[in-house]
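Engineer: give me a model of this one.
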Amino acid sequence: MLKHHSPHLLATLQALFVAFLWSTSWVFIKIGLQTLPPLTFAGLRYFIAFACLLVVLAFSPAKAELRRMPKRLWLRLGILGLLFYAGTQGASFVALSYLPAVTVNLLWSFNTVIIALLGVLFLAERPTPFQWGGAMLALGGAVLYFYPVAIPKAQSTGVLVALTGISMHCISLILGREVNRSSTVSPLVVTVTSMGIGGIVLLAAGLSLEGLPSLDLRACAIIAWLAVVNTAFAFTLMNATLRTLTAMESSITNSTMLIWIPVFAVTFLGERITPKELVGLLLAGLGTVLVQLRRPPKIKPGAA
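Structural biologist: Alright, predicted model coming up:
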């Protein structure tokens, strides 16, 4: 029995570890933003991560897939890279330069709810009543967190940027899901190609708009850690877990970031959470998890 469940348990623990690593990214980003401009910071992270994954791909049998990819797939991966890396990640770094990490984390948690709604429109997916209840619970938690709605003027730009990034993220997830459904290339090729295109564009935009950053030892260490460990290594490990975990299991393990990020923000960044905000975060987190709980598909007669 133990042997039967051990690969699944190992994959679950690895996915939880990846979520933990990605949660620490928010702390490193907030610290790095003290001296680094957001777009260039994000561009350096994903360009260096792309370079690391390119080395991994060079020693992988999957590299042969690059030569066989049709032009249409290159175009779709290019759009995916622009949306997910240049757009979404650039927006998240800019939002974190204006807003507390806890606030951005709450806003970003609505990706799951929006994706469920977009899935109805574009993928013919039908949320269950249980999932609709989760969406309402998540919305109620957000309203409680922000009530009374009084966003400081200095933070309004960050909220708008975050909402823009969330929109691009949701569209990119729909596109990424469609690419993975219809494409025969490996997840590594999809990640390397889209990250390379998006990372290069993001870095170019940052350098042109913000200029060359001043890099001290701490900034270099943060960029290197985020690129090599929290991006290249974490993406590789997550792709490995997807061979064992279902999409729902993977989504739920990622939802643990909703817990880790506030804990890290309070512990390491000195951010404060009131009891009302804490209840709002918990309700939003629970609702987000409920949205991801889907009934297993019914097996048609004769299906194996």
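
Engineer: if I read this right, residue 194 contacts residue 75, doesn't it?
Structural biologist: No - when contacts are counted by CB atoms under 8 Å, residue 194 is not listed as touching residue 75 (11.5 Å). No exception for glycine: its C-beta is placed from N, CA and C like everyone else's.

Engineer: so which of those two has more stuff around it?
Structural biologist: Neighbour comparison, residue 194 and residue 75: the larger count goes to residue 194, with 26 against 10 (by other CB atoms under 10 Å).

Engineer: could you report the pLDDT at the more buried one?
Structural biologist: pLDDT, residue 194: 93.

Engineer: change the start of the numbering to 668 and stick with it
Structural biologist: Got it, the first residue is 668 from now on, which makes the last one we talked about residue 861.

Engineer: and it, what element?
Structural biologist: Assigning secondary structure by DSSP states H and E places residue 861 in helix 854-877.

Engineer: go on, residue 748?
Structural biologist: Following DSSP H and E, one finds residue 748 within helix 738-748.

Engineer: can you give me the offset of that helix from its chain's centre?
Structural biologist: 19 Å (CA atoms, centre = their mean, to the nearest Å).

Engineer: orientation of the helix or strand following that helix relative to helix 854-877 in degrees?
Structural biologist: Going down the chain from helix 738-748, the next helix or strand is helix 757-765, by DSSP H and E. If you take axes from the mean of the first three to the mean of the last three CA atoms, to 10 degrees, helix 757-765 sits at 50 degrees to helix 854-877.

Engineer: so for helix 757-765, what's the average pLDDT?
Structural biologist: The model assigns helix 757-765 a mean pLDDT of 96.

Engineer: so where's this structure uncertain?
Structural biologist: Counting by pLDDT under 70, the chain contains low-confidence ranges at 668-672, 783, 786-792, 813, 815-817, 848-850, 913-915, 959-971.

Engineer: where's the closest residue to residue 776 other than its chain neighbours, which helix or strand?
Structural biologist: The shortest distance from residue 776 to any non-neighbouring residue, by CB to CB, 6 or more residues apart in numbering, is to residue 955 (5.1 Å). Secondary structure from DSSP H and E places residue 955 in helix 942-959.

Engineer: now that helix: buried residues?
Structural biologist: 944, 947-959 (16 or more other CB atoms under 10 Å).

Engineer: can you check stretch 901-914 too?
Structural biologist: Neighbour counts over stretch 901-914 (16+ other CB under 10 Å) mark 901, 902, 903, 905, 907, 908, 911, 912 as buried.

Engineer: could I get the residues you listed as CSV with secondary structure and distance to residue 895?
Structural biologist: Formatted as CSV, the buried residues of stretch 901-914 follow (DSSP: H, G, I helix; E, B strand; the rest coil; distance: CB to CB, whole Å):
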residue, secondary structure, distance to residue 895
901, helix, 10
902, helix, 11
903, helix, 11
905, helix, 15
907, helix, 17
908, helix, 19
911, coil, 24
912, coil, 24
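
Engineer: before we move on, the earlier item: reformat the buried residues of helix 942-959 as TSV; add distance to residue 937.
Structural biologist: As requested, the buried residues of helix 942-959 are exported to TSV (distance: CB to CB, whole Å):
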residue	distance to residue 937
944	15
947	20
948	17
949	21
950	25
951	22
952	22
953	26
954	28
955	26
956	28
957	32
958	31
959	31
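
Engineer: closest to residue 694 among the residues you listed?
Structural biologist: Closest approach between the buried residues of helix 942-959 and residue 694, by CB to CB: residue 948, at 17.0 Å.

Engineer: distance of the closest one relative to residue 794?
Structural biologist: In this view, residue 948 and residue 794 are 23 Å apart by CB to CB, to the nearest Å.

Engineer: which residues are contacting stretch 887-902?
Structural biologist: For stretch 887-902, contacts defined as CB atoms under 8 Å, 6 or more residues apart in numbering pick out 685, 688-689, 691-692, 695-696, 698-699, 703, 708, 711-716, 719-720, 723, 858, 882.

Engineer: and it, how far out from the chain middle?
Structural biologist: 15 Å.

Engineer: mind exporting it as CSV, just the C-alpha atoms?
Structural biologist: The C-alpha coordinates for stretch 887-902 follow below in CSV (Å, rounded to 0.1, in the frame of the first residue of the first chain):
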residue,chain,number,x,y,z
CYS,A,887,22.4,40.4,-7.8
ALA,A,888,21.8,37.6,-5.2
ILE,A,889,18.1,38.2,-5.2
ILE,A,890,17.9,38.2,-9.0
ALA,A,891,20.0,35.0,-9.2
TRP,A,892,17.9,33.2,-6.6
LEU,A,893,14.6,34.2,-8.1
ALA,A,894,15.8,33.2,-11.6
VAL,A,895,17.6,29.9,-10.9
VAL,A,896,15.8,28.5,-7.9
ASN,A,897,12.3,30.0,-7.8
THR,A,898,11.8,30.0,-11.5
ALA,A,899,14.0,27.6,-13.5
PHE,A,900,14.2,24.9,-10.8
ALA,A,901,10.6,25.4,-9.6
PHE,A,902,9.1,25.2,-13.1
